[in-house]
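J.: how would this look folded up:
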Amino acid sequence: MKIMTRHLLGLAIVAALSPALVTTASAQLYFEIAKAPEQAPKIAIIPFSNDRAFYPIIENDLNRSGRFSSASTNLPATATLNNVNAAEWKAAGVPYVVLGEVKPTADGSYVIHYQLYDVEKQSYLLNEQLTVPASRVRSASHMISDTIYQALTGIKGDFTGRIAYVLRNQATPAQRYTLQIADTDGEQPKTVLSSRDPILSPAWTPDAKKIAYVSFETKRPAIYLQDLATGQREVLAKFVGLNGAPSFSPDGQTMLFTASMHGNPEIYQMDLNTRQVTRMTNDSAIDTEARYAPDGKSFIFTSDRGGSAQIYRYTFNDSSVKRLTFRGAFNARGALSADGKYVALVHRPAGSNYKVAIQEISTGITNILTPTSLDESPSFSPNGQMVVYATREGNRGLLAIMSTDGRFRMNLPSEQGEVREPAWAPK
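T.: Residues are numbered from 1 along each chain as shown. Below you'll find the predicted structure:
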C-alpha cells in the first residue's frame, strides 16, 4: 500500500505579528452547533494512537463541515492503521472511517500517519504521512481536514482559512472596538487594532497578507490598510465626508470604495500604485458597498436609485449598470461567491425582518438562507459552500456560519461583547 509523504517543516510559517498593533490578547470565540446536518453520510473519526492534539481538531472540523454526520457511539472496535474490517463498518452503516497514529520525534516534532477508508470500495482513499513541528499542530490538523473533505466531496476544504471580524465590548471603554482575526472554528484569535472609536468594513487583499478597514479614530471615517506580518499601516482614503466599504480587485491593483467627497455617496476606484481616484457612479441616489466580481470585469453595489435598496452590477468595458435584485423590499450588502455565480445578500421580504439570502445571478432565483432575523454582513467561504454572517440571538450579537444548502449552522459567539462585520479571508 502506497503512502504519500509530505513535510510541513519546510512550509512557510505565518510571520510573527507586530506586538504594537497585532496581539494575541483577544476575546475567544467558541462554537455552538445550532443545526446539525440532516441525512448526511456518517463518518467515523477514530482517536489516533498516541495523540491528544490532532484528532480532536480533525473531528471538530469534519463535524462542522455540514457534509458529514459524526459516528462516535456503538461503533466497531476493530479499526487501526492498515486494519479495517469493512463488513463490521458496513453493518454499522458507516461508509467512511478516518484513523491514524502520531509519533513524537527527537527534535520535538510529530510524525502523523493518517488514512481515510472507503467501506463500500474497501480501499484507502488517503494514506499519508506528515512531519509536523509542535508549533503547527492546529494548522496541520486543519490541512488534514481540508484533504479529507476534498477527497470525499471533490471540493477544496476551507478549514485552514481565517475570518476577520469586529468585536464590540462596552465593558472596556479604552478598547471598545477591536478588529480581530481567528481560525474558522474561532480558535487562535489575534487583535489587529483596538480603539475607543468604531471600526467597520474589514476587507482582505487577494493574497490575504493585508487587511483594510474603516476607522473613526480621528473622529472622521478613513480607510486604512494594514500589513498583518509587520503591523505597519497606511491611510488609503481620508477625503472630505464619507470614506467606507473598501473592496480590492482580484489582482490587488485597485480598490473600490464609497466616498461623498462631491456631496453624494458614490462609488470610486483607486489605483493603489498611483493613488489616482476615478469616480465610477454618478447618480442622485446613494451608491455604496461595491464588490469586485471574481474576474475583475465588473462589480456589484447597493443603490436606492430605484426607490429602495437593491443590488446592481456595473460593467467596466461599457460603464453599463444593470439591476440584479427584484424580489423583496430591501437587498443590500452583496457578496459574490468565488465562481461569480451567486450573490449572498441581506434580504428583507415585505413585512419581515432582515435575513441572509442567496441569489443565483443567471436566473434571479433567491433563497432565504437564515432562520434568524436582524442578519447582516454575509461573506462566502472561498469554496462557496458556507456563508458567515452577523446576527442576533436574544441579547447577544454573534457570528454564524451556515452551509449554502441550509442543512448546517454553527454559532460563533464571544464571551466578551458582540461580534459583527465578518469577512472570510481568500485562499
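
J.: Show me where the stretch 101-250 of the chain dips below the pLDDT cut-off.
T.: For the stretch 101-250 of the chain, no stretch has pLDDT under 70.

J.: Let me see the ranges of the helices in it.
T.: Under the criterion DSSP state H, counting those that start in this stretch, helices of the stretch 101-250 of the chain are mapped to 137-153.

J.: If we go by neighbour counts, what in stretch 345-356 is buried?
T.: Going by neighbour count (16 or more other C-beta atoms under 10 Å), the buried part of stretch 345-356 is 345-348, 354-356. From N, CA and C alone the C-beta is placed, and that goes for glycine too.

J.: likewise stretch 237-251?
T.: Buried, per 16+ other C-beta under 10 Å, within stretch 237-251: 237, 239, 242-249.

J.: so who does Thr325 touch?
T.: Residues counted as contacts of Thr325 (C-beta atoms under 8 Å, 6 or more residues apart in numbering) are 310-311, 331, 345, 359, 364, 366.

J.: mind checking the SS state of it?
T.: Under DSSP: H, G, I helix; E, B strand; the rest coil, Thr325 falls in the coil class.

J.: Return the set of residues that bridge with the nearest residue to it once chain neighbours are set aside.
T.: Leaving aside its sequence neighbours, Thr325 sits nearest to Asn331 (C-beta to C-beta, 6 or more residues apart in numbering; 4.0 Å). Taking DSSP bridges, one finds His347 as the beta-bridge partners of Asn331.

J.: Just give me the neighbour total for Asn331.
T.: Asn331 has 25 neighbours, counted by other C-beta atoms under 10 Å.

J.: surely it meets Tyr354?
T.: No - using C-beta atoms under 8 Å, Asn331 is not in contact with Tyr354; the gap is 10.2 Å.

J.: out of the contacts of Thr325, which are buried?
T.: By 16+ other C-beta under 10 Å, the contacts of Thr325 give 310-311, 331, 345, 359, 366 as buried.

J.: Just give me the closest of the buried residues of stretch 345-356 to Arg136.
T.: For the buried residues of stretch 345-356, the residue nearest Arg136 by C-beta to C-beta is Val356; the value is 33.9 Å.

J.: Just confirm the closest one contacts Val387, I think it does.
T.: Yes - counting by C-beta under 8 Å, Val387 is a contact partner of Val356 at 6.4 Å.

J.: rewinding a little: now that we have the buried ones among the contacts of Thr325, can you turn them into JSON lines and tack on secondary structure, distance to Thr281 and pLDDT?
T.: Below are the buried ones among the contacts of Thr325 laid out as JSON lines (DSSP: H, G, I helix; E, B strand; the rest coil; distance: C-beta to C-beta, whole Å; pLDDT from 0 to 100):
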{"residue": "Gln310", "secondary structure": "strand", "distance to Thr281": "14", "pLDDT": "97"}
{"residue": "Ile311", "secondary structure": "strand", "distance to Thr281": "13", "pLDDT": "98"}
{"residue": "Asn331", "secondary structure": "strand", "distance to Thr281": "17", "pLDDT": "97"}
{"residue": "Leu345", "secondary structure": "strand", "distance to Thr281": "18", "pLDDT": "97"}
{"residue": "Gln359", "secondary structure": "strand", "distance to Thr281": "21", "pLDDT": "97"}
{"residue": "Thr366", "secondary structure": "strand", "distance to Thr281": "24", "pLDDT": "95"}
